[in-house]
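A.B. asks: Just the structure for this:
(2 chains)
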2 protein chains.
Amino acid sequence: MTPARASADLIAPVLSGDRRALARLITRVENRAPDALEALARLHPHTGRATLIGVTGAPGTGKSTLVNALALALRQRGQTVGIVAVDPTSPFSGGAVLGDRVRMTDLAGDGGVFIRSMASRGSLGGLAAATGDVARVLDAAGFAVVLIETVGAGQSEVDIARMAHTTVVVDAPGLGDDVQAIKAGILEIADILVVNKADRPGAQNTVRALRAMLELGHRLRNTGHHGAGLLPAPPESLTADTWTVPVIETVATEHTGIADVLAALDQHRAHLHSSGEIAGRERQRVEAELLARLREALLARLLAAHDPATLAETVRRVVARELDPASAVRALVAAACGDSDASPG
Amino acid sequence: MTPARASADLIAPVLSGDRRALARLITRVENRAPDALEALARLHPHTGRATLIGVTGAPGTGKSTLVNALALALRQRGQTVGIVAVDPTSPFSGGAVLGDRVRMTDLAGDGGVFIRSMASRGSLGGLAAATGDVARVLDAAGFAVVLIETVGAGQSEVDIARMAHTTVVVDAPGLGDDVQAIKAGILEIADILVVNKADRPGAQNTVRALRAMLELGHRLRNTGHHGAGLLPAPPESLTADTWTVPVIETVATEHTGIADVLAALDQHRAHLHSSGEIAGRERQRVEAELLARLREALLARLLAAHDPATLAETVRRVVARELDPASAVRALVAAACGDSDASPG
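C.D. replies: Take a look at the predicted model:
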């Protein structure tokens, strides 16, 4: 074991393509080491060149295999690829027991590929922020495409998807009924839909169901629904060239349909630029990231501002029902923010 | 349409069992109406009697059917049941397009059951906090058992699971390889494991795999891994009666094995009390909830403290790479918390 280098010393090697330095810096970033967060600030000017692609969908869709196949196809046309796989959180082992999976064998030994499995370190970890940071390091290190694979669906997956330029949502036939509920939630973040395992029975039903739901979503959108954000949504130009979400069939295990997905990714990228939407995406990506970081920073600051005994006493009083949670939170916030000498800035 | 009543006026009817008042108050709580949050504070002394049971697992496991079957079995022995189903977030329609599902037909018209599907209203919504609040309203309204069903796996699901007294993790055979990764993350929050669809091929393999992973998790636990929390983990008594996570096979569609799950739930509840662990669980539930609320409250406060133009300019500078995200967050936090006149308490 070589002694750990400070993150600052890793910057130059990372920028010049040293993989061991890259792996170490990413580990420090993932662990939220303070000096790693400083190093990130210094890497920031070197970022913004990579295309960030989110790949998300329910378990059992063959998403990892698809990411593997996409990475191979990107490599075949000469692009370097970083992969960030966001594994589900384990509150206590740090998750990712199974580590980097089967796909490693296809991509192993290729210096143009770098794969990292993420695991959140408990609630305070800020998985979305950490994922954004790891993607940023890969961007600064010069990877042309960064694939961010998220397992499942939920708030953190939506946050992560917002960090990508293009979001691919993967589905597959025969996953059972409550996957339908998931589709309703994540369809709206899809730029490209993939029906993987398209050689299975029922694939055409899945394609039809997705098309129907896209049509419904399109109608809802045009009646004025929109989400909450850091800033008000910019007005959409009615005349801009609009993007029609394609539904693409693949059999990732046999590399069938992968060229179509790649073509759709290229088309979406071209669309983002020709429509001017790329600026909005970048803004949205930054907003999502700032919100995730603000939550983490504000909570850490508040916890640091209070004596552990005060926190323990607050928990005790809520448990004893002497205090309700909303009042407890108001009191903790007021005490921390009212303290003018408790602002180290 | 009757005019909306203020949340405060709904408290007495909710406590006396008025279902329409209950539905209205829950809607206001879910929408984070300020007066509803006040009403919650007044309901708090009436809470603490319900048993909160979390049911979580990957899509396709038949989790909703299991929750339905459990609710029916609980009703048959005379207990009232509230169900909170946490559907995946839709950043823009508010999710839950498919709404309350098939199970409604089994439980419809039974005044001893109340079902609510949750949907997060964007990132600011604080799904975990809202879910905790809805469960609290059902507790105050006198439901003996509150089943909290979460779809998928991820940080928010783990946060939600921490709000329950007992967490049931549902699995099923034949869900594909990357479900394995999910298991690694959520196994550790399980008090009871259910292998549903146990009449399908491969069920015995799933049972064996889960037992092996439990064994591994148990070994990890005994070598001193533990998670991050608001407070340091209390020392565990080495002599306390320990809980062995059971693996129970069910076919929820046929109500097979449901009695075994119910028996395990009763045993776990008895264990929590006989071991004294119930106090730790209550503390853990309160901690998880306070953390979720603090994140939401602190972010809302910070956003309110800043001029929208300042926020827009910060986003612009990060997009232009004049400023890195970590420095942007530091500046926003310092400006908001340094302002001593910006603390309305």
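
A.B. asks: helices or strands up against the helix or strand hosting A:A12?
C.D. replies: According to DSSP states H and E, A:A12 maps onto helix A:7-15. Applying 3 or more CB pairs under 8 Å, 6 or more residues apart in numbering or on different chains; DSSP states H and E, one finds that helix A:7-15 makes contact with helix A:19-30, helix A:34-43, helix A:127-140. (C-beta placed from N, C-alpha, C; glycine too.)

A.B. asks: Going along the chain, name the strands of the stretch 151-300 of chain A.
C.D. replies: For the stretch 151-300 of chain A, applying DSSP state E, counting those that start in this stretch gives strands covering A:166-171, A:192-195, A:247-249.

A.B. asks: Work out the gap between the helix holding A:A12 and the centre of the chain.
C.D. replies: 24 Å (CA atoms, centre = their mean, to the nearest Å).

A.B. asks: Report the angle between that helix and helix A:19-30.
C.D. replies: Counting by axes from the mean of the first three to the mean of the last three CA atoms, to 10 degrees, helix A:7-15 lies at 130 degrees to helix A:19-30.

A.B. asks: So what touches helix A:7-15?
C.D. replies: By CB atoms under 8 Å, 6 or more residues apart in numbering or on different chains, the residues outside helix A:7-15 that reach it are A:20-22, A:24-25, A:28-29, A:33, A:35-36, A:38-39, A:42-43, A:46, A:137, A:140-142.

A.B. asks: Quick one, which of the residues you listed are buried?
C.D. replies: By neighbour count, with 16 or more other CB atoms under 10 Å in any protein chain shown, the contacts of helix A:7-15 hold A:21-22, A:24-25, A:28-29, A:33, A:36, A:38-39, A:43, A:46, A:137, A:140-142 as buried.

A.B. asks: pLDDT below threshold where in the stretch 51-200 of chain A?
C.D. replies: Low-confidence segments of the stretch 51-200 of chain A (pLDDT under 70): A:59, A:87-106, A:108, A:119-128, A:151-160, A:176-186.

A.B. asks: repeat that with 80
C.D. replies: Applying pLDDT under 80 to the stretch 51-200 of chain A picks out residues A:57-60, A:86-110, A:117-129, A:151-162, A:174-188.

A.B. asks: out of the helices and strands packed on helix A:7-15, which comes closest to chain B?
C.D. replies: Chain B lies closest, by CB to the nearest CB, to one member of the helices and strands packed on helix A:7-15: helix A:34-43, at 4.2 Å.

A.B. asks: in the lengthiest helix in chain A, what's buried?
C.D. replies: Across chain A, the longest stretch assigned as helix under DSSP state H is helix A:277-305. Using 16+ other CB under 10 Å as the burial criterion, the residues of helix A:277-305 that qualify are A:277, A:281-299, A:301-303, A:305.

A.B. asks: near chain B, from the residues you listed?
C.D. replies: A:282-283, A:286-291, A:293-295, A:297-299, A:301-303 (CB under 8 Å from any CB of the partner chain).

A.B. asks: Just give the nearest non-adjacent residue to A:V261, would you?
C.D. replies: A:I248 (5.5 Å; CB to CB, 6 or more residues apart in numbering or on different chains).

A.B. asks: Against chain B, how distant is the one you found?
C.D. replies: Distance, A:I248 to chain B, using CB to the nearest CB, to the nearest Å: 20 Å.

A.B. asks: for A:D9, same thing?
C.D. replies: A:D9 sits at a distance of 19 Å from chain B (criterion: CB to the nearest CB).

A.B. asks: Please read off the pLDDT at that residue from the model.
C.D. replies: pLDDT, A:D9: 91.

A.B. asks: Buried residues of the one helix or strand A:E313 maps to, list them for me.
C.D. replies: Using DSSP H and E, A:E313 falls within helix A:308-319. The neighbour-count check on helix A:308-319 (16+ other CB under 10 Å) flags A:L311, A:A312, A:T314, A:V315, A:R317, A:V318, A:V319 as buried.

A.B. asks: May I see the buried residues of the helix holding A:A12?
C.D. replies: A:S7, A:L10, A:I11, A:P13, A:V14, A:L15.

A.B. asks: any idea how far A:V207 lies from chain B?
C.D. replies: Taking CB to the nearest CB as the measure, A:V207 falls 18 Å from chain B.

A.B. asks: Run through the residues that contact that residue.
C.D. replies: A:V207 neighbours (CB under 8 Å, 6+ apart): A:V195, A:A198, A:V247, A:E249.

A.B. asks: Kindly report the same for A:V113.
C.D. replies: Contacts for A:V113 (CB under 8 Å, 6+ apart) come out as A:A71, A:R75, A:T80, A:V81, A:G82, A:I83, A:L107.

A.B. asks: next one: A:T314
C.D. replies: A:L323, A:A328, A:A331, A:L332, B:L290.

A.B. asks: so the second one sits in a strand?
C.D. replies: No - counting by DSSP: H, G, I helix; E, B strand; the rest coil, one finds A:A328 to be helix, located in no strand.

A.B. asks: got a pLDDT number for it?
C.D. replies: 93.

A.B. asks: ok, it - how many residues close by?
C.D. replies: 23 (other CB atoms under 10 Å in any protein chain shown).
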